[in-house]
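Peer 1: the following block contains a protein sequence and its predicted model.
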Amino acid sequence: MKQIFYELVLKTKGLGLYDFTEQAKKFVDKNKLSNGILNLNILHTSASLIIQENADPDVLDDLNIFFKKLVPMNNKLYKHIVEGKDDMPAHIKSALTNSHLTLSVKDKKIILGTWQGLYLFEHRIENQTRKISCHFVGQ
Amino acid sequence: MKQIFYELVLKTKGLGLYDFTEQAKKFVDKNKLSNGILNLNILHTSASLIIQENADPDVLDDLNIFFKKLVPMNNKLYKHIVEGKDDMPAHIKSALTNSHLTLSVKDKKIILGTWQGLYLFEHRIENQTRKISCHFVGQ
Amino acid sequence: MKQIFYELVLKTKGLGLYDFTEQAKKFVDKNKLSNGILNLNILHTSASLIIQENADPDVLDDLNIFFKKLVPMNNKLYKHIVEGKDDMPAHIKSALTNSHLTLSVKDKKIILGTWQGLYLFEHRIENQTRKISCHFVGQ
């Protein structure tokens, strides 16, 4: 059994979805991973990880707009306002989406559908440095 | 360490939840899997995977109705409308639920609560053929 | 390959988030787990598992309040009302959050960000006894 750990660092510049599919594929290639589980955990509670369509960028915009409406940046709605008007909405959006993705690797490739990409969903306004724990268990 | 990969195909006929617990159990039985991780990934971004109550079918209807109200099929709300009024809502509903389920297998059985079933949540109106990647790692 | 199974039992007293990070760490310590996957599944469909901020308790209150507003306890909205006004909303909140968490263990520690804690999100009003399946695969 082979186990590989790696911390992927991504820079974000405000609300929205950031494609990191290529970085995940590079991790698999570089370490010559053949078959196993690739477990990804974001180490923050104000950004999340999701799989989404990688074809039309409008999909990513619409997702961002939907979540902004569903979870308004309005300090009157929340008790936790010390870290800015975007912080509590960021925690809620994280709860509504996902903090981790557990992927399968087969024959040296991450199993994904044709139109699927891996995204970091940033919920904070200011620039951030985000860390994703990458952990492979397999052969 | 034993690894088994399988692609489960499900036909869906419109919005709603489709129970595939039996198919997942058959995969475990047929391959004589004893103990390990069963990782399920749906290979689409307009349908999702969730665990829900398997007792009262009204629960499944109510879930469907709730998500339809929360994410309206109204082209005025979205930029991405080329694939039909149900496509962008389908991507949003996928983001709000889950693209994968990571289950545990113990003594040849998937660990599930008494009232838990595995469901594909279809978010498109038209008939679809959906693929779920099934991957076992264990003994 | 080492596999350990354990059923963690938590008592809850109404709606809200219950921190079980320490119990999960104890499971890792007690079994001397070094490196591997820790898969957690809640065995119920009216409570869920999420990772959230462990610093300011107001964050937990705001999360609870947001979900209560988003999914009202109003019998007129649902068909499934036989188990009480909180039951159908509980199933919906479970679908909107998560039934499982798949964590990585490295050098005898669960990989978590500084401000991340593991929470059971209780969606029922009455006192409950909740079971979480803990399954480790690794070394």
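Peer 2: Sure, I can see it.

Peer 1: for chain A, longest helix please?
Peer 2: In chain A, assigned by DSSP state H, the helix with the most residues is helix A:57-70.

Peer 1: so the residue in chain A that chain B sits nearest to, which of the three states?
Peer 2: At 3.3 Å from chain B, residue A:113 is the closest residue in chain A, using CB to the nearest CB. Where you see a C-beta, it was placed from the backbone N, CA and C, and this is true even at glycine. Residue A:113 falls in the coil class when you classify it by DSSP: H, G, I helix; E, B strand; the rest coil.

Peer 1: that one: neighbouring residues, count only.
Peer 2: When counting by other CB atoms under 10 Å in any protein chain shown, one arrives at 18 neighbours for residue A:113.

Peer 1: with residue A:75 instead?
Peer 2: For residue A:75, the count of nearby residues is 12 (other CB under 10 Å).

Peer 1: now the nearest residue to residue A:85 once chain neighbours are set aside: how far from residue B:77?
Peer 2: Of all residues not flanking residue A:85 in the chain, residue A:73 sits nearest, at 4.5 Å (CB to CB, 6 or more residues apart in numbering or on different chains). Between residue A:73 and residue B:77 the computed distance is 19 Å (CB to CB, to the nearest Å).

Peer 1: how about the helices in chain A?
Peer 2: So, for chain A - with DSSP H - the helices run A:21-30, A:57-70, A:87-96.

Peer 1: and chain C, which of those helices is closest to it?
Peer 2: The closest of those to chain C is helix A:87-96. By CB to the nearest CB, the value is 5.2 Å.

Peer 1: tell me what the closest one is packed against?
Peer 2: If contacts are counted by 3 or more CB pairs under 8 Å, 6 or more residues apart in numbering or on different chains; DSSP states H and E, helix A:87-96 sits against strand A:47-53, helix A:57-70, strand C:47-53, helix C:57-70.

Peer 1: ok, residue A:125 - contacts?
Peer 2: Residue A:125 is in contact with A:14, A:15, A:84, A:86, counting by CB atoms under 8 Å, 6 or more residues apart in numbering or on different chains.

Peer 1: residue A:99 too?
Peer 2: Residue A:99 touches A:41, A:42, A:45, A:48, A:49, C:50, C:51, C:101, C:116, counting by CB under 8 Å, 6+ apart.

Peer 1: can you tell me what sits against stretch A:87-95?
Peer 2: If you take CB under 8 Å, 6+ apart as the criterion, stretch A:87-95 is touched by A:44-48, A:67, A:71-73, A:77-78, A:80-81, A:121, A:123-124, C:50, C:52-53, C:59, C:62-63, C:66-67, C:97, C:121.

Peer 1: should've said stretch A:57-71
Peer 2: Stretch A:57-71 is contacted from outside by A:15-17, A:52-53, A:89, A:92-93, A:96, A:119, A:121, A:123, B:70-71, B:77-80, B:88, B:91-92, B:95, C:66, C:70, using CB under 8 Å, 6+ apart.

Peer 1: is any residue of stretch A:16-26 near chain B?
Peer 2: No - judged by CB under 8 Å from any CB of the partner chain, stretch A:16-26 and chain B are separated, with a smallest distance of 9.5 Å.

Peer 1: ok, the residue of chain A most remote from its centre to residue A:111 distance?
Peer 2: Distance from the centre of chain A peaks at residue A:76, with 28.3 Å (CA atoms, centre = their mean). Counting by CB to CB, the separation of residue A:76 from residue A:111 is 45 Å.

Peer 1: how about residue A:22?
Peer 2: Computed as CB to CB, the residue A:22 to residue A:111 distance reads 16 Å.

Peer 1: who has more neighbours, these two?
Peer 2: Neighbour tally, residue A:22 and residue A:111, criterion other CB under 10 Å: the higher count belongs to residue A:111, 18 against 10.

Peer 1: so for residue A:74, what's the pLDDT?
Peer 2: You'll see residue A:74 listed with a pLDDT of 97.

Peer 1: cool, and residue A:70?
Peer 2: Listed pLDDT for residue A:70 reads 98.

Peer 1: next: residue A:126.
Peer 2: 98.

Peer 1: burial count for it?
Peer 2: 10.

Peer 1: distance check, the residue lying closest to it once chain neighbours are set aside against chain C.
Peer 2: Among residues not flanking residue A:126 along the chain, residue A:14 sits closest, at 7.4 Å (CB to CB, 6+ apart). Remark: distance between residue A:14 and chain C (CB to the nearest CB, to the nearest Å) = 20 Å.

Peer 1: quick check on residue A:14: phi, psi?
Peer 2: phi 100, psi 170 (degrees, to the nearest 10).

Peer 1: how many neighbouring residues does the residue in chain A positioned nearest to chain C have?
Peer 2: Using CB to the nearest CB, the single residue of chain A nearest to chain C is residue A:43, 3.3 Å away. Residue A:43 has 18 neighbours, counted by other CB under 10 Å.
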